[in-house]
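Enquirer: just to be clear, the model below is a prediction. Sequence and coordinates:
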Amino acid sequence: MQQPFGEEMQHPYAIPGDANAWPHTDAKDELARSQVRLMWRKARTYLLVIAIAIYSFLPIYWMFVSSIRPPQELFGQPSLVPKSFTLEYFNVLFELTNFPVNFMNSLIVTVLTTIITLFCAIPMAYVLTRFQIKGKSILTNIMLGAYMFPPMLLAIPLYAIFVKIHLDNTLLSLVLAHTTITLPLGVWLLGGFFKTLPFEIEQSAMIDGCTRFQAFRLVVLPLSLPGLVTVSIFSFLLSWTDYTYALMLIASDANKTIPIGLASMLGSYDIRWGEIMAGSTIITLPLLVIFVFLSRYFIKGLAAGAMKG
């Protein structure tokens, strides 16, 4: 119906004679100001995230750039973007040093440590979360307490034990030493992840004819993939970058790992910065590749272990 000529137009849902039929100008201004404040908060959050990302990534970028700079630029005026590139340091590292042997030693130790950690942590975490065991909380606390000790405090008694059983200065001793760190952490993370899985899914599998082990292997393990990936990444990271145990337990050049091999390039009068940066880049690359391709599982498994563990 058309509005009669000469009468004021009112909001269709307004009460006749209501002075608040249309929003006041002050309300509109307040709404605009709240939107501006919200946009400014988002902008500050994004700027903070970008600043933290740059701060965290800059050392890695500088390390990589320094590994491909020519010597005259490496020790000259620094710049974020190199003017020229060279692979000289990588060639020297692989051809004139013991780095290939160190790399293989680190790879062997890291892979074995990760496998042993998973092989032992999976059944231990499953038993601790699914069965009633006397002293279960005490056992868990002891394992976590052992993880909290600094590696140097454990390296000395471990070295004495390995000397007694004739395992000193071997890669196996290094694997066992790394397991003392990775195993408690693996049990804690997997235990928290197993707690998120309802027991009813295993009961359903056993009702369908599966044994307890089959239900665990066919149902629980596939659903626990994020937790297994998380434990694998942590084990790989801790073993790959270890310096303390390798320094205390390994004496011969044939069994040194990458961190010890790079540290040996720091001489009293000559520091080979180019080769050190190239070796550090090679150490970092596997970790970056792992996090890029497995970050989704890693974040999910870490969150589950933190919330339920």
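Expert: Arrived safely.
Enquirer: just the helices in the stretch 201-309 of the chain please.
Expert: Ranges of helices in the stretch 201-309 of the chain, per DSSP state H, counting those that start in this stretch, are 212-215, 221-223, 225-240, 244-249, 258-263, 273-308.
Enquirer: how about the second one: buried residues?
Expert: Going by neighbour count (16 or more other C-beta atoms under 10 Å), nothing in helix 221-223 comes out as buried. Where C-beta positions appear, they are placed from N, C-alpha and C, glycine not excepted.
Enquirer: pLDDT on that helix, on average?
Expert: Helix 221-223 shows a mean pLDDT of 84.
Enquirer: show me the contact partners of that helix.
Expert: Contacts to helix 221-223, defined as C-beta atoms under 8 Å, 6 or more residues apart in numbering, come from residues 122, 197, 201, 228.
Enquirer: residue contacts, the nearest residue to the third one once chain neighbours are set aside?
Expert: The one in question is residue 201. Leaving aside its sequence neighbours, residue 201 sits nearest to residue 219 (C-beta to C-beta, 6 or more residues apart in numbering; 5.6 Å). Contacts of residue 219 were listed using C-beta under 8 Å, 6+ apart, and they are 201, 202, 205, 210.
Enquirer: would CSV of the helices of the stretch 201-309 of the chain with distance to residue 180 be doable?
Expert: As requested, the helices of the stretch 201-309 of the chain are exported to CSV (distance: least, C-beta to C-beta, whole Å):
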stretch, distance to residue 180
helix 212-215, 28
helix 221-223, 25
helix 225-240, 10
helix 244-249, 9
helix 258-263, 18
helix 273-308, 19
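Enquirer: so which of those helices comes closest to residue 78?
Expert: helix 273-308 (12.4 Å; C-beta to C-beta).
Enquirer: returning to what we had before: which member of the contacts of residue 219 is positioned nearest residue 44?
Expert: Nearest member of those to residue 44, counting by C-beta to C-beta, is residue 201, at 44.2 Å.
Enquirer: how much space between that closest one and residue 194?
Expert: 12 Å (C-beta to C-beta, to the nearest Å).
Enquirer: what's the answer for residue 294, then?
Expert: Distance of residue 294 to residue 194, computed by C-beta to C-beta: 20 Å.
Enquirer: who's more crowded, the two?
Expert: residue 194 (25 against 16; other C-beta atoms under 10 Å).
Enquirer: test my guess that that one contacts residue 224.
Expert: Yes - taking contacts as C-beta atoms under 8 Å, residue 194 lies within contact range of residue 224: 6.8 Å.
Enquirer: neighbours of the spatially closest residue to residue 87 that is not a sequence neighbour, how many?
Expert: Leaving aside its sequence neighbours, residue 87 sits nearest to residue 68 (C-beta to C-beta, 6+ apart; 6.9 Å). Residues lying near residue 68 (other C-beta under 10 Å) number 20.
Enquirer: can you tell me how far residue 68 sits from residue 229?
Expert: In this view, residue 68 and residue 229 are 32 Å apart by C-beta to C-beta.
Enquirer: test my guess that the residue nearest to residue 87 contacts residue 81.
Expert: No - contact criterion C-beta under 8 Å: residue 68 and residue 81 do not qualify, at 11.4 Å.
Enquirer: what do these two both touch?
Expert: The overlap between the contact sets of residue 68 and residue 81 (C-beta under 8 Å, 6+ apart) is empty.
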